[in-house]
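# predicted coordinates and the sequence they were generated for:
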Amino acid sequence: MLRLVVVCAALVSSAFAGFTDMNCTNGDATTPKFVATATICEDKYATATCAQLFGTAVVPEGTTDRDAKCNTDANGISEDVKQLAIATCPKSCGYCCEAPEYKCSNKEFPRTNCETVTQAQCKDALWRPILAEDCPAVCGLCLEG
């Protein structure tokens, strides 16, 4: 019963207080929104499994906070729960930018505009070596080089 009360309180407070965790957002406390890279990766588990574990998935570039199950437990905000979400269901929880594959910087002066790179280019064998060097955060290639 206490767990239910804590979870309900977390949900209510997040609905009225903005986002509970600003990771992978625009950082604007007044009008927070998930950035495009929040949901650019794939979940390690099936979508249905992630929904059971972490609740409602984040909407790409959405303005509604991630489900409390992504970063809270019976005691409130939990770094352990957040790390589990990042490791297993980063797309569903809007934590792709925190996943090791995406948590790096793009090259300061890339050969191509990283903002216009598509996921098809990221998977293309000809583009991949260039993008791994120049735009690794866009393509999830941070661990490749």
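In hand now; what should we look at?
# residue contacts, the most centrally placed residue in the chain?
Geometric centre of the chain, nearest residue: residue 95, 1.8 Å, by CA atoms, centre = their mean. With contact taken as CB atoms under 8 Å, 6 or more residues apart in numbering, residue 95 is in contact with 23, 24, 38, 66, 70, 82, 85, 86. For every residue, glycine as well, the C-beta is placed using N, CA and C.
# count the neighbours of the nearest residue to it once chain neighbours are set aside for me.
Distance criterion CB to CB, 6 or more residues apart in numbering; nearest residue to residue 95, sequence neighbours excluded, is residue 86 at 4.6 Å. Other residues lying near residue 86 total 23 when counted by other CB atoms under 10 Å.
# report pLDDT for residue 86.
Confidence at residue 86, expressed as pLDDT, is 98.
# hang on, it packs against residue 99?
Yes. When contacts are counted by CB atoms under 8 Å, residue 86 is listed as touching residue 99 (5.7 Å).
# low-confidence regions, the chain specifically.
Residue ranges of the chain with pLDDT under 70: 1-17, 145.
# domains of it?
2-98, 104-145 (automatic domain parsing).
# can you say which of those is packed in most?
Mean neighbour count (mean count of other CB atoms under 10 Å) peaks for domain 2-98 among the domains of the chain, with a mean of 17.
# and it, how far out from the chain middle?
8 Å (CA atoms, centre = their mean, to the nearest Å).
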